[in-house]
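A.B. asks: sequence first, then the predicted structure, then my questions.
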Amino acid sequence: MNPISVGACALLLSLAGATAVARLWPAPAAPRTTGRRRLGRSPMRSREVLETGVAYCPLENRDRRHHFLRLGGRLCECGHLTRENAR
Ligand SMILES: [Zn+2]
């Protein structure tokens, strides 16, 4: 066996070993949450949301994160829809 084939064999073995380790490695129990994004919660599709920001919610009488809608109005985190676009 020449040195090149020995090196290739060692490389293949190390790659196979790395793959086996990666497969055997326990998957993290919970997916890491990035920021406060909660996918699947908003009833609005993203193309209908112009931007997201903090605005006054008249239902809760305090500032909350809102989705400002393309067609006007804003949707609160609590689900309340405020018609006028005043901030
Ligand atoms: Zn609200």
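C.D. replies: The structure has been received and is ready for your questions. Keep in mind that this is a model prediction, so the values were computed, not measured.
A.B. asks: residues touching the strand or helix carrying residue 66, excluding its own?
C.D. replies: For residue 66, the host element (DSSP states H and E) is strand 62-69. With contact meaning CB atoms under 8 Å, 6 or more residues apart in numbering, strand 62-69 is reached by 42, 44, 48-57, 74-78, 82, 85. C-beta here means a position set from N, CA and C on the backbone, and glycine is covered the same way.
A.B. asks: flag every buried residue along it.
C.D. replies: Using 16 or more other CB atoms under 10 Å as the test for burial, strand 62-69 gives 66-69.
A.B. asks: can you narrow the contacts of strand 62-69 down to the ones near the ion?
C.D. replies: 57, 76, 78 (CB under 5 Å from the ion).
A.B. asks: how about the strands in the protein?
C.D. replies: Assigned by DSSP state E, the strands in the chain fall at 49-57, 62-69, 74-76, 81-82.
A.B. asks: CSV for those strands, including distance to residue 12 and mean pLDDT?
C.D. replies: CSV is the format used below for these (distance: least, CB to CB, whole Å; pLDDT from 0 to 100):
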stretch, distance to residue 12, mean pLDDT
strand 49-57, 49, 94
strand 62-69, 52, 95
strand 74-76, 55, 95
strand 81-82, 60, 94
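A.B. asks: next, format those as CSV and append distance to residue 19.
C.D. replies: Output for the strands of the chain, formatted as CSV (distance: least, CB to CB, whole Å):
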stretch, distance to residue 19
strand 49-57, 41
strand 62-69, 43
strand 74-76, 46
strand 81-82, 50
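A.B. asks: picking that back up, show me which of the buried residues of strand 62-69 is closest to residue 18.
C.D. replies: Proximity of these to residue 18 (CB to CB) peaks at residue 67, which lies at 43.5 Å.
A.B. asks: show me the contacts for the residue nearest to residue 84 when sequence neighbours are not counted.
C.D. replies: Counting by CB to CB, 6 or more residues apart in numbering, residue 84 lies nearest to residue 73, which is 7.0 Å off, once chain neighbours are set aside. By CB under 8 Å, 6+ apart, residue 73 lies in contact with 81-85.
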